[in-house]
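Asker: Turn this into a structure:
(one chain, ligands or ions: 1)
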Amino acid sequence: MRTVDIIMKKRSGEVLSAEELQFIIEGYVQGTIPDYQVSALLMAIFFRGMNAAETAALTSLMLNSGDVMNLAGIPGPFVDKHSTGGVGDKISLPLAPIVAACGARVPMMSGRALGHTGGTLDKLESIPGYFTNLSLEQFREGLVHEGFSMTGQTSRVVPADKKLYALRDVTGTVESIPLITASILSKKVAEGAESLVFDVKSGPGAFMKTYEDARALAQSLVSTGTAMGKKVVAVITDMSQPLGNKVGNFFEIEESLDCLEGKGPEDVMSLTYRLGAWMLVASGIADTVAEGERRCAEAVASGKAMELFLKNIRRQGGDVEKMLALRGKFRSPHAQELTAPENGRISFIDAWKIGVAGVYLGVGRNTTEDPVYPDVGFIFEKKAGDMVKKGERIAMVYSKDDESLIPAMELARSSVKIETSLGRQTGKPGSGPASLILEEITAS
Ligand code: URA
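Answerer: Sure thing, here's the model as predicted:
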C-alpha cells in the first residue's frame, strides 16, 4: 500500500477500506507516515467526508492505538456524558454524583479549558488540593466507593487522537463531522463506559454554530457509537448565552454546590436532570426519561448526591472545609461591574464573546501551557429575557489583573443586546432565552 494512493482515492471521493485506514493510523502513530501526507489526507476527508462504515472503522482504529480503561471486577452499569463544549457549562460536576447516587457508575475523563470553552479539570483543580491525574488504581477506587471518578486523559489513551488533533488544529481540518466523531468517540469508549449521552451544543458559544451542523454531529455520534456496540443518546442544546449565572473555575464549583442543594439556576438544574435521566435510561436503571428525572431530583433532595460529591473531593485530595469557607468569597480584587447601557429587556448575551472575554480574565487559555486562575470570571445577575434599567448591574466581572479587564470588558459590553420598549435594539437581534433543549436523538 502507498499513502499517496490512499490520499488520491479520498481526494476523488471514494470510500476507504478498513485496511487502508489501518495502514494510515498505524503508520502515523509509529512515525513512518509524515505529517505532510496525513495533512493532505485530512484535507481530502474534510472536503469529501466519510460514510458511516469508514467513520466507525477510523474510530475503532484510533481507540485501539492506545490503552482502554480496565474496569473488570467493578459492577456496572458504566455510563458517561460528554459535552461538545460551551461557556458556563459545569453540568458534569453535579451530574456525576447525581447519576452515581441513582446506582450507575460514571468513569469520567475530562478535558481542560481551551479557547473560549471551559474545562472540567480546571474547575475541579480550583478546589484547594484537588488533583485530577489519577492512577488507574485511584480511578477504580473512586468508582467502587463513590460511583464516579474524575480524571484527565493520560498520554496512553488514544495516542492517535493526540497526534491527529494537533495536526488538524494547524491544518484547518478540525470542523469535519467524521473526524470529530472519531476523535470524541474513541476517547469516550476508551474510558470504559457502556452507554454514552452526548450534549451537543449549538449556537454562537458552541463548536457547532448552526443547528444543522450540531444535528449532523449528533446523528453521527449516535450512529457510530451504536455501530460500536454502545447505547448512545445525543441531546442538542442551545449555547447562545452562557449556561447558568456563573462563568469561572471556582465560581462554577459554587454553582455546582448550589445545584446539589437543589437551588441552582433553572437552566442548569433542568439540563442536569434531563441529561442524568437519559444516562439512567441508557444504562437501564430507569424505564422512562420522566422516571429518570424524578430519580435525579430525589438524589439531590435526599442529600445523597452532595454526600458523594464531597466524598469524591476528599478522595481526590480536595479540602472540603477550605472550599466551603471560600464559597461566595473567593473573588479576585481586580473587578468591575458590567452595567446596562439603557433601559429595556436583555434579548441576548453572546456566549462566544463571554467565553473569549473569559480567556483575558484568566478563566480559560489560548494555548495548553497558559495558566488559569480560580477566582476570576463572570457572575451574572441578569440574563436574556430580564428587564434592566440604564446603569443597573448585569454582571460582576473579576480578572487576574487590571490590564486584562480592559479588552474583557469591551467584549462583555458588546455581548449584551438590549431591546428597548420602542422595539429598538442595540446590535444583533435576539428574541430572549431560547428553549435550552432543541432535540433528543436516540438510535431508534
Ligand atoms: N473535541 C474533540 O475531542 N475532538 C474533536 O475533534 C473536536 C472536539
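
Asker: contacting residues for residue 386?
Answerer: For residue 386, the set of contacting residues under the criterion of C-beta atoms under 8 Å, 6 or more residues apart in numbering consists of 345, 346. Heads up, the C-betas are built off the backbone N, CA and C, glycines and all.

Asker: same question but for residue 252, I mixed them up
Answerer: By C-beta under 8 Å, 6+ apart, the contact list for residue 252 reads 88, 90, 93, 118, 123, 244, 246, 377.

Asker: Widest-spaced pair of these?
Answerer: In the contacts of residue 252, two members sit farther apart than any others by C-beta to C-beta. They are 93 and 377, at 14.8 Å.

Asker: Comparing the two, which residue is more hemmed in?
Answerer: The residue with the greater number of neighbours, taking residue 93 and residue 377 and applying other C-beta atoms under 10 Å, is residue 377; the counts read 31 against 26.

Asker: So what pairs up with that one in the strands?
Answerer: Judged by DSSP bridges, the bridge partners of residue 377 are residue 398.

Asker: On the three-state scheme, whichever residue of the stretch 301-444 of the chain sits closest to the ligand is what?
Answerer: Residue nearest to the ligand within the stretch 301-444 of the chain (C-beta to the nearest ligand atom): residue 368, separated by 13.3 Å. Residue 368 carries the three-state label coil when classified by DSSP: H, G, I helix; E, B strand; the rest coil.

Asker: Break down the stretch 201-350 of the chain into its helices, ranges please.
Answerer: Read by DSSP state H, counting those that start in this stretch, the stretch 201-350 of the chain holds these helices, from start to end of the chain: 211-227, 249-260, 266-282, 289-301, 304-315, 320-326.

Asker: Return the distance of the residue of the chain found nearest the ligand relative to residue 228.
Answerer: In the chain, the residue that lies nearest the ligand is residue 183 (3.4 Å; C-beta to the nearest ligand atom). Remark: distance between residue 183 and residue 228 (C-beta to C-beta, to the nearest Å) = 14 Å.

Asker: Put the alpha carbons of the helix or strand bottoming out on mean pLDDT in the chain into PDB.
Answerer: Confidence across the helices and strands of the chain bottoms out at helix 159-171, with a mean of 91, counting by mean pLDDT, DSSP states H and E. These are the backbone C-alpha positions of helix 159-171, laid out as PDB (Å, rounded to 0.1, in the frame of the first residue of the first chain):
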ATOM      1  CA  PRO A 159      -2.400   8.400  21.200                       C
ATOM      2  CA  ALA A 160      -3.600   8.500  17.600                       C
ATOM      3  CA  ASP A 161      -6.000  11.300  18.500                       C
ATOM      4  CA  LYS A 162      -3.300  13.300  20.300                       C
ATOM      5  CA  LYS A 163      -1.300  13.400  17.100                       C
ATOM      6  CA  LEU A 164      -4.200  13.800  14.700                       C
ATOM      7  CA  TYR A 165      -6.000  16.500  16.700                       C
ATOM      8  CA  ALA A 166      -2.800  18.600  17.000                       C
ATOM      9  CA  LEU A 167      -2.300  18.300  13.200                       C
ATOM     10  CA  ARG A 168      -6.000  19.100  12.500                       C
ATOM     11  CA  ASP A 169      -5.600  22.200  14.700                       C
ATOM     12  CA  VAL A 170      -2.900  23.700  12.400                       C
ATOM     13  CA  THR A 171      -4.200  22.500   9.100                       C
END
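
Asker: sorry, back to before: now render the contacts of residue 252 as a markdown table, adding distance to the ligand and pLDDT.
Answerer: Conversion of the contacts of residue 252 to a markdown table gives the following (distance: C-beta to the nearest ligand atom, whole Å; pLDDT from 0 to 100):
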| residue | distance to the ligand | pLDDT |
| --- | --- | --- |
| 88 | 18 | 97 |
| 90 | 18 | 97 |
| 93 | 19 | 98 |
| 118 | 14 | 84 |
| 123 | 17 | 97 |
| 244 | 22 | 97 |
| 246 | 24 | 98 |
| 377 | 22 | 98 |
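
Asker: ok, the residue of the stretch 301-444 of the chain closest to the ligand touching residue 114?
Answerer: Yes - applying C-beta atoms under 8 Å, one finds residue 368 in contact with residue 114, separated by 6.9 Å.

Asker: any idea how far the following helix or strand past the least confident helix or strand of the chain is from the chain center?
Answerer: Reading on from helix 159-171 to the C-terminus, the next helix or strand found by DSSP states H and E is helix 177-190. The chain centre lies 14 Å from the centre of helix 177-190; the measure is C-alpha atoms, centre = their mean, to the nearest Å.

Asker: Does helix 177-190 pack against any helices or strands, and if so which?
Answerer: With contacts defined as 3 or more C-beta pairs under 8 Å, 6 or more residues apart in numbering; DSSP states H and E, the packing partners of helix 177-190 are helix 35-48, helix 52-63, strand 79-83, strand 106-109, helix 159-171, strand 195-202, helix 211-227.

Asker: for the ones you listed, which one sits closest to residue 148?
Answerer: That would be strand 106-109 among these, by C-beta to C-beta, at 3.9 Å.

Asker: and the next element down the chain from that closest one?
Answerer: Moving toward the C-terminus from strand 106-109, the next element (DSSP H and E) is helix 120-124.

Asker: Give the buried residues for the helix or strand just after that following helix.
Answerer: On the C-terminal side of helix 120-124, the closest following helix or strand by DSSP H and E is helix 136-145. Under the neighbour-count criterion of 16 or more other C-beta atoms under 10 Å, helix 136-145 has 138, 139, 140, 142, 143 buried.

Asker: with these in mind, which one is nearest to residue 443?
Answerer: For the buried residues of helix 136-145, the minimum distance to residue 443 (C-beta to C-beta) is 25.7 Å, reached by residue 143.
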